[in-house]
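Undergrad: whatever this is, show me its structure:
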Amino acid sequence: MSATNITIRESTSTPRTKPHPQKSSIPVPFDYCPSDDGTDENLLILLHGLGDTHVPFGRLGRSFKLPQTATLALRAPDPLPYLEEEAYEWYTSFNLLGELVRNPNPTPAVDLLMRVFAHLTTDSSWPPNRIHMFGFAQGGTVAAEVGIKWWRTELERLSKDKKDKAGETSEDTKANEPSLLGSIVSVCGPLISYPTLQNLCPTPILILHRPAPAETALPSGALSAFKKGYSNITDLQMGRGEGMPRSRTEWEPIMRFWSERLGKRQMDGLYEVMSGITPA
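TA: Residues are numbered from 1 along each chain as shown. Below is the predicted model of the structure:
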């Protein structure tokens, strides 16, 4: 039997605790909470629905107590018109007559989130594959749209790099691969841009929705739209009712989805075992 070279090396991952997001770099109010266990390996971004704020979603994120996971709840940028209470929207939902906009444009909200991602991945040392998103209704739509935007941006970056480095060879295989986001959970939030991608986004996405005639039921054709943008889809229907998951039974598939996709950092003093690598 041939011998196998085994090298043991210290893990070289990102810092165990991450710098807090800065108000100067995030243009909307937010609620950030580092991981309870002192290890910021994952970041869960929470996006509220139409007419809400980030405050209850900040509490929700903390209540999950996900291991090695910090939470960041963001408030939508625009106040809902004609309302005195704190109520915000991610994109324009009503016209001047108060009628529902039939074809809303999520681009400003997506661009805002891309700015937030740039800050998180550079200034706060978060790897993209450790960033996860959870959104409800309009917030779920924004999360799903951001996943598509991130994927397109990565494909464009790789295409440009190949043109710039034509004829060159690179041993850094990771630099030649797109950076994926960790995962997306969209609760009652459809894609509204109807993407057409040759290379579907492989970021895992969980879609939960209510059956008709619920007000938060997905519109006809919503699942087909997701299949035109994503290749790794889990589609689950919740029970009759409205809004967010209401019971342990409805939360259970979300927790299972995260348990299979959240990263886990090795504890201090442990090492990675690298098989088939010759020591330098």
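
Undergrad: pLDDT on the host helix or strand of Leu223, on average?
TA: Using DSSP states H and E, Leu223 sits in helix 222-227. Average pLDDT, helix 222-227: 94.

Undergrad: which residues touch it?
TA: Ala144, Pro190, Leu191, Ile192, Tyr194, Pro195, Ile205, Ile207, His209, Ile233, Asp235 (CB atoms under 8 Å, 6 or more residues apart in numbering). Where you see a C-beta, it was placed from the backbone N, CA and C, and this is true even at glycine.

Undergrad: correct me if wrong, but Val146 is in a helix.
TA: Yes. Counting by DSSP: H, G, I helix; E, B strand; the rest coil, one finds Val146 located in a helix.

Undergrad: which SS state does the nearest residue to it once chain neighbours are set aside fall under?
TA: Once flanking residues are discounted, Val146 sits nearest to Leu113: 4.6 Å by CB to CB, 6 or more residues apart in numbering. Put simply, Leu113 is helix when judged by three-state DSSP.

Undergrad: so what's Leu113 up against?
TA: Counting by CB under 8 Å, 6+ apart, Leu113 has contacts Leu74, Val142, Val146.

Undergrad: reformat those as JSON lines; add distance to Pro127 and neighbour count.
TA: Shown next, in JSON lines, are the contacts of Leu113 (distance: CB to CB, whole Å; neighbours: other CB atoms under 10 Å):
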{"residue": "Leu74", "distance to Pro127": "19", "neighbour count": "28"}
{"residue": "Val142", "distance to Pro127": "21", "neighbour count": "26"}
{"residue": "Val146", "distance to Pro127": "16", "neighbour count": "26"}
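
Undergrad: could I get those as TSV with pLDDT?
TA: Converted to TSV, the contacts of Leu113 look like this (pLDDT from 0 to 100):
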residue	pLDDT
Leu74	98
Val142	98
Val146	98
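
Undergrad: of the residues you listed, which is the nearest to Glu215?
TA: Val142 (18.7 Å; CB to CB).

Undergrad: the closest one belongs to a strand?
TA: No. Read with three-state DSSP, Val142 is helix and lies in no strand.

Undergrad: so it sits against Gly135, correct?
TA: Yes. Assessed by CB atoms under 8 Å, Val142 is found in contact with Gly135 at 6.0 Å.

Undergrad: what residues are shared contacts of those two?
TA: Leu47, Gly189.

Undergrad: from Glu85, how far out is the residue nearest to Val146?
TA: 25 Å (CB to CB, to the nearest Å).

Undergrad: one more: Leu47?
TA: From Leu47 to Glu85 the distance is 19 Å (CB to CB).

Undergrad: who has more neighbours out of those two?
TA: Leu47 (29 against 8; other CB atoms under 10 Å).

Undergrad: quick one: contacts for the more buried one?
TA: 57, 73-74, 76, 90, 133-136, 138-140, 142-143.

Undergrad: ok, 10 Å please
TA: 54, 57, 72-76, 90, 109, 113, 133-143, 146, 186, 189 (CB atoms under 10 Å, 6 or more residues apart in numbering).
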